[in-house]
Structures are given as structure tokens and as C-alpha cells.
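# Starting from these lines, generate the structure:
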Amino acid sequence: MRYTIIVQQKSALQQYTMRCNTKRVPLSRGEPLSKQRNLMPDRLYKPRRPALFVAIPIGIAGLLGLGVYSSLVAQTTEPPPTIPSLKTVPVPGPSETELAAFVRDKKAAIQLGKALFWDVKVGSDNRTACASCHFQAGADNRITNQLSPGLLAGDRTFQLGSPNHTLKVTDFPLTKHSAVDNRATRMSDVNDIVSSQGVLRSDLVGLGTIGATDLCSALSDAVGNSGFGFHRDALNTRRVEPRNAPTVINAVFNFRNFWDGRGNNVFNGVDPFGMRNVNALIWQEQNGLLRQVPVALPSSSLASQASGPPSSAIEMSCNGRPFSALAKKLLPLKPLSTQQIDQRDSVLSGLSDNTARGQTTYQSLIKAAFRPEFWQATTPVTLSPESQQSPGNMDLVRQPKRNYESMQVTQMEANFSLFFSLALQMYQATLVSDNAPYDQFAEGLNNALTMQQKSGLAIFRGQGKCINCHTGAETTNASFQSVVAKRLERMMMSDAGKAIYDTGFYNIGVRPTAEDLGVGGVDPFGFPLSETRMSQLGKTNLLGNGFNPALYPAVQPNERLAVDGAFKTPTLRNVELTGPYMHNGGKSTLMQVVDFYNRGGDFALENKVNVPPDIAPLGLTQSQKDDLVAFMLALTDDRVRFKKAPFDHPALCVPVGHKQDAAGKLVAEVGNALQAADASYQCLPAVGATGSATSLKPFMQLNPASR
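Numbers count the residues shown, from 1 in each chain. Next up, the predicted model:
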């Protein structure tokens, strides 16, 4: 006899499913995966036993209170709900009518978005692109100068290493246990974050000549000079973000973006914060007159997210650079002017010829992509000091405000945040990986999964409880279709009390809650990032996308909430290639992640007032863990693995830390006024639509089943 979980979404019973993208891995008979420490994924072994469905006892099923699930347990001989192919899920986004209010040519907008995403000149230093943190399966696998102190916990000291530290296999996991399945055996821990290096600390002074780096003044990043601590041997090193960079592939399916959801589901044309910023306005020509108008484009969290990093003093910019200044620098330039484009590029092939590219500028691409009433006016726009100093700064560690003088710009320059962000959203909406072996299996190709992967799938849906948070074909409860069904939910907590939470955001005990509040934090306007907390304050009018309080649990003034320390559930698609894992980058392999869940989290007991009941010891055997890891490998799309269209890209050189002399001392960059250590670079060649012969590898080229 078996049990299946029938789930209730809205008021209709549905069998809700999940999907994962994993690569097809040829497996042969031999030892369990956990014994093969030195083998890459294409050499993993096949298990000795057949697949099975794991029965879910009523006692366990009664705990399933996460995500879109309210558990109705029925005795049945049917297998658990199937998980569909991602091909069955519509790609979210604004309607054609809503988008047409701004975009005149979608193909041109996608081309503009891809060029901007990969162009290093978006960075103040002309060396930092959006793709600099998202070049490896949409994520970042660099290992030198990728360490950040616990900035959000108020810590400016490096515990694991120092600035420019090169990560080692033995550094992971960042929280270590003497017995991996027993959370009471924690023996060491650091609060450092493994993330992505950005730019050097500096303040914007002005713009250089066309195409030149921004004019910026150096500021010591030493702690004693109010810096973050990215300073060694009297030299600044590149700053590193306080959270790990998630993949942009399939990010279009997220209802909100960033780990804490501050990439709002409604795009306001200016910054990540949607309708929370009541002063966010763009310029539109109406009957020959320029007027400032609000924007509230729904289902556009990717545009909200894209509007943040170009002005971030950690990620891409000298502190205080407004979008209009970036526009003055970029608009006259030819796209990707210093980077090679493959002539077979799936989107940019028309720009691969230098002659053709030389006749194209970002200004001309905007004219082709967007409606003229947003760029054609000849009347200049005067930006006040207040309008340049947007309160919507996206940096998690707030930067000092700048003093500005009034600046005169064109309408196109004034609206550049709108063009940049919408173009990036439209490009990233094409980055959908829906042809993993699991998708093929869900479409009827039974042998697309090995017997071990089928066993792992049963564990994923059963004893492992993975599907409770990683639901649906998108493999996340934070997906658009999951969240719009139920924005807020009430669930039983690990201490048997009830609390309301934001669908798709959970505190799973990765770090102590007080170190990083996640969605429990506040935006620059003082509003809670949590929709649950906004509802409790009566601010539902600022939530957008048809938020109707009548559809969700009524949040009482003193009701218990489970939002502090909660983070967006990431997709598991291509997870084989997107390490390190968790919002702190603290796990280097999938087996370390499985160990984490099997022992019931690292800090779940300390965080228990915010932790859901499924974060508890699971009792998986090593063989079951091997099977679960094998299943997750079936979530990798080979187009991602080999950079085939739409995952092809222009050439890109990314910094991989700083040069050191024979004694290990940092070497200063010659001719650089920013008191900076000289950087080393890793250059990725341009790849066309047919992809690369060289496959992407897991983080540090580790066997996913190793620990």
C-alpha cells in the first residue's frame, strides 16, 4: 500500500508537480557515488538496485505545510504526482499589450539586452559586465578573491582567509560537523560569504571622454577608513558581494528576484523597488510636451532586478553614478566595442562584423527597440540633485549619499534605466532551459533517466521532502505560477505553532537569523521586503500584480510571522553547474547540500521560531543520498552545459583575483589612481549558437557526490 499527497491550490484540487533539469549521465555498474571522490559526472556509476517509489506515511505527510501545499492524504495505489516538463509552463512576463506601451520591436530589444548584459563598459572601470557574475551556467564559479566578510552581520573581519584568498576544497562546507548527519556535532563555523567580486571602492567624480572609464576618486577600503575590509598590503582589492550570485538562467520564472525578493514583481522604470518608490518617474512626450509619468509594469521582476547592479558601489559602479551618467558614456558607443562576437551568435550575429558594428550604436539600438515617445524629444531634461540621488539604492550595505549639481540630459539619457532594464528582462526571458533529461522523461522517454535517477526522483518526492519547497516544473515555490496562486500562506512551524509567511521564502537554518534577515529586512524607504509584513501594516496597495487580500490569510496585527532569515527558494535546474550553494555560498557540492538537509539544517534549532517543520533530520542512508544527487544531475540541460543557443555569448574577460609577488604580497596596478592591486583575468572566448566543444564543469571541478 502506498500513499500519495494530493495538493490543494487556490480552491481546486490539483496534482502539482515539480521538475528539475539534469544532464543525461552515462552510468555503469560499480561502487556507490559517495565512494567515487575523484570522478567527474560523466563517469559516475550506475546503482545495483531497481527504482522504487517511496511510500509517504501519514505521519510524515501531515507535516507537509510548505509552498502551495495543504496536505490531504488519501490511501491509493497510484504513484505520487508526476512532475511535468518545463516546456508545459508558460514563460511569465507582462502581456503583449502592456509591453507594447514601451517596446516597438521585441527582437531589437532582445539584441540590445544581450549586448548590454555582456558589455564590460557598463562597469565604471570598463571591465565589469552584468555577465561577470553570471557567466557559468548563469552563475559564478571563480575561486580567487570571492570571499566576503559577514558584512550584513556587521562583521568586517575575514575568518576563513583574507582579501584575495583562493578557495580550497578543505574550506568547505563553511559550517563543519564531525558527523555529517548529526546537527549537534558542529565543530567549526565561519560567517564569511562565498560570492562574486565586483569593483574597487571609489566615488564618482565625473565622466571621462567617450568610451573611457568613469572618473572616480580612490577611497581606502580599510576598516579604519570606514571601508569594508577589502584592503591588503596597503592596496584595495575588488569588493565581494554579501550574498552568493544565483543563476540568471530560468530566473524569468521567479515572481520576485534577488535572494530577499527586493527585485519587485512590478517594474517602476527606475529602480528595483516597484510601487514602494512613489517618486520613480520617467519622461514621456505627450502632444509635443515632455511630462514625467509613473510606470507600473507587472510581472517584471527581472527588469526590477536589472535596474540595480549598474549603480551598485559593490558590484559595478563608482559610488554615486546615476543611470543618466551611464547613458552619457554608453549611448555613443558601438555595442561590445572591445569584445569579440561570434559570427554565428544566436542574437548578435548581425553585429559580429566590425564594419556593421561600427555603424551601430547603443543609441540606434534603443531607437529600433523602443517607442519614440520615450526618446525622440529634442527638449533637454534638467535633472535636479534630488532626482539623481535616488533613495532606491540597491546595495545591501548602504552607501554614503552623494551631493550632486543639476545636470542637463537628453530624454533618452533621462530614461536610460527604463531601456536598460526592460532590454535585459527581454533577453533573460529567452534563457529557459527546458530540455534536460528529466524534461525528456516527463515527456514520455522512459530511458532518459537511469534507474538510480528514478530512485532519486522518488526520494525527492518522498522521504527527502525536497518537492515541498522545490515544487513544479520550475523546481521552486518562488515561481510565478506558485506565488500568484497564493502570495501568503499560513503553516505549522517546527515548534508546532502557526505562522504566516511569503510563499517561496523560507528560513532553513543556513546561518543564524540575526546575521542576515533576508526577506525579513527593509527596503530603502523603510517598508518591509516581506509581503506578509506589508499586509500586516495595511500596505497591500504597494504590492501589485493583482494582490487581493481577500484571497489570502488575513494577517492580524499581533500574528506570528515567519519571514526573518527567510530567502527565496532557488531553482534546481542546472544545479550541477551552479555551485557553490546556498545564499552564503557555504556548500561546494550537491552531497554537502544533501547532508545539510539530512541533518536538519545547520542552525535550525537556533532559528526555530522561523523554521518550517520539514527542516528536521530525514534519516536518509548514504545510498539514498547518492540516488538523490544522481537525480539532480538529470536537471542539467546540455544546451547550458555546452553553451548552445540561447546560452551562447560574446567574448568576456573576468577578473580572477589579484597578482601577488613571490613572497605573497599584492602587486600594485601600474598607472591606476585607485590604490589598487593589479588584477588577473580569465578570458572566455566568444561562442556561437552551435555551442562549445568544451563542457562546463561543476564548481572547482568537484564530483557532485563528494563531500
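
# care to break the protein down by domain?
2-89+434-521+562-574+584-640, 92-135+247-431 (automatic domain parsing).

# Tell me which of the ones you listed approaches residue 531 most closely.
Closest of the domains of the chain to residue 531 is domain 2-89+434-521+562-574+584-640, at 5.1 Å (criterion: CB to CB). In this view, the C-beta of every residue, glycine as well, is placed from N, C-alpha and C.

# re earlier: quick one: closest of the domains of the chain to residue 667.
domain 92-135+247-431 (17.0 Å).

# Help me confirm that residue 571 comes into contact with residue 248.
No - with contact defined as CB atoms under 8 Å, residue 571 does not count as touching residue 248 (10.6 Å).

# what about these two, which has more around it?
More crowded of residue 571 and residue 248, by other CB atoms under 10 Å: residue 571, with 29 against 24.

# And that one, how close does it get to residue 697?
Going from residue 571 to residue 697 by CB to CB, to the nearest Å gives 20 Å.

# Over to residue 151?
30 Å.

# And the residue nearest to residue 385 when sequence neighbours are not counted, what's its pLDDT?
Counting by CB to CB, 6 or more residues apart in numbering, residue 385 lies nearest to residue 404, which is 4.1 Å off, once chain neighbours are set aside. For residue 404, the pLDDT comes out at 73.

# what number of residues lie near residue 404?
17.

# Would you confirm that it contacts residue 325?
No - in this structure residue 404 lies outside contact range of residue 325 using CB under 8 Å: 9.9 Å.

# Contacts only, for the residue most central in space within the chain.
By CA atoms, centre = their mean, the chain has its centre lying nearest to residue 246, at 3.0 Å. Residue 246 is in contact with 139, 259, 570, 578, counting by CB atoms under 8 Å, 6 or more residues apart in numbering.

# Take these and keep only those in helices.
Among the contacts of residue 246, no residue falls in helices (DSSP state H).

# of those, closest to residue 271?
residue 259 (17.5 Å).

# quick one: that closest one from residue 107, how far?
Residue 259 is 32 Å from residue 107, by CB to CB.

# what does residue 183 give?
52 Å.

# Residue 608 too?
With CB to CB as the criterion, residue 608 and residue 107 are 51 Å apart.

# the more surrounded of the two?
residue 608 (17 against 11).

# in the stretch 251-400 of the chain, which segments are predicted with low confidence?
355-358, 389-392 (pLDDT under 70).

# do the same with the chain
1-81, 355-358, 389-392, 672-674.

# Residue 567: neighbouring residues, count only.
27.

# What's opposite it in the beta bridge?
Beta-bridge pairing for residue 567 (DSSP bridges): residue 506.

# these two touch, right, residue 414 and residue 283?
Yes - look at residue 414 against residue 283 with CB under 8 Å: they come within range, at 5.0 Å.

# list residues touching both of those two?
residue 381.

# So for the two, which sits in the more crowded spot?
residue 414 (28 against 24).

# what's the nearest residue to that one if we skip its chain neighbours?
Per CB to CB, 6+ apart, closest to residue 414 is residue 381, 4.4 Å.

# State the distance from that neighbour to residue 543.
From residue 381 to residue 543 the distance is 31 Å (CB to CB).

# can you check residue 610 too?
Counting by CB to CB - residue 610 and residue 543 are separated by 21 Å.

# higher neighbour count, these two?
residue 610 (25 against 21).

# Pretty sure the more buried one sits against residue 567.
No - contact criterion CB under 8 Å: residue 610 and residue 567 do not qualify, at 11.2 Å.

# what touches both of the two?
residue 507.

# residue contacts, residue 310?
Per CB under 8 Å, 6+ apart, neighbours of residue 310: 122, 130, 316, 317, 321, 323, 326, 420.

# Go again with 6 Å.
By CB atoms under 6 Å, 6 or more residues apart in numbering, the residues touching residue 310 are 122, 316, 326.

# give the contact list for the first one.
So that's residue 122. 129, 310 are the contacts of residue 122 under CB under 6 Å, 6+ apart.

# can you do 7 Å?
116, 129, 130, 310, 316 (CB atoms under 7 Å, 6 or more residues apart in numbering).

# Can you list which of the residues you listed are found in helices?
Filtering the contacts of residue 122 for helices - DSSP H - leaves residue 116.

# SS state for the residue nearest to the centre of the chain?
Here residue 246 is recorded as coil under DSSP: H, G, I helix; E, B strand; the rest coil.

# Residue 431 versus that one, what's the distance?
13 Å.

# In the sheet, which residues pair with residue 144? Tell me.
Bridge pairing for residue 144 - DSSP bridges - gives residue 166.

# From residue 557, how far out is it?
50 Å.

# Compare those two (neighbour count), which wins?
residue 144 (16 against 7).

# OK, contacts around residue 693?
Counted by CB under 7 Å, 6+ apart, residue 693 has zero contacts.

# Next, count neighbours for the closest residue to residue 190 other than its chain neighbours.
Nearest residue to residue 190, sequence neighbours excluded (CB to CB, 6+ apart): residue 159, at 4.0 Å. Residue 159: 15 surrounding residues under other CB under 10 Å.

# Kindly confirm my reading that residue 159 is in a strand.
No - under the criterion used here (three-state DSSP), residue 159 is coil, not part of a strand.

# so what's it up against?
Contacts of residue 159 (CB under 7 Å, 6+ apart): 190, 191, 192.

# There's contact between residue 493 and residue 607 in this structure, I believe.
No - contact criterion CB atoms under 7 Å: residue 493 and residue 607 do not qualify, at 10.7 Å.

# Mind checking which of these two has more residues around it?
Taking neighbours as other CB under 10 Å, residue 493 and residue 607 compare with residue 607 leading, 23 against 19.

# what packs against the host helix or strand of residue 626?
Using DSSP states H and E, residue 626 sits within helix 622-633. Here helix 622-633 touches helix 451-461, helix 590-598, going by 3 or more CB pairs under 7 Å, 6 or more residues apart in numbering; DSSP states H and E.

# these two touch, right, residue 93 and residue 426?
No - look at residue 93 against residue 426 with CB under 7 Å: they stay out of range, at 8.3 Å.

# quick one: which of the two has more around it?
Taking neighbours as other CB under 10 Å, residue 93 and residue 426 compare with residue 426 leading, 25 against 20.

# What is the subsequent helix or strand relative to the helix or strand where that one lies?
Residue 426 belongs to helix 416-428 when assigned by DSSP H and E. Once the chain leaves helix 416-428, the next helix or strand it forms, by DSSP H and E, is helix 437-442.

# measure stretch 581-590 end to end?
Stretch 581-590 has an end-to-end distance of 8 Å (criterion: CA to CA, to the nearest Å).

# Does residue 657 belong to a helix, a strand or coil?
Strictly by three-state DSSP, residue 657 counts as strand.

# Leaving out sequence neighbours, find the closest residue to it.
residue 144 (3.1 Å).

# The one you found contacts residue 166, doesn't it?
Yes - in this structure, residue 144 is within contact of residue 166 by CB under 7 Å, at 4.5 Å.

# can you list residues touching both of the two?
In contact with both residue 144 and residue 166: residue 657, using CB under 7 Å, 6+ apart.

# thinking again about what came up before, does the helix holding residue 426 pack against any helices or strands, and if so which?
Helix 416-428 packs on helix 106-118, helix 301-306, helix 323-330, going by 3+ CB pairs under 7 Å, 6+ apart.

# how about a markdown table for those helices, with distance to residue 689 added?
Formatted as a markdown table, the helices and strands packed on helix 416-428 follow (distance: least, CB to CB, whole Å):
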| stretch | distance to residue 689 |
| --- | --- |
| helix 106-118 | 12 |
| helix 301-306 | 22 |
| helix 323-330 | 26 |
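
# Ok, which of those helices comes nearest residue 83?
With CB to CB as the yardstick, what comes closest out of the helices and strands packed on helix 416-428 is helix 301-306 (23.9 Å).
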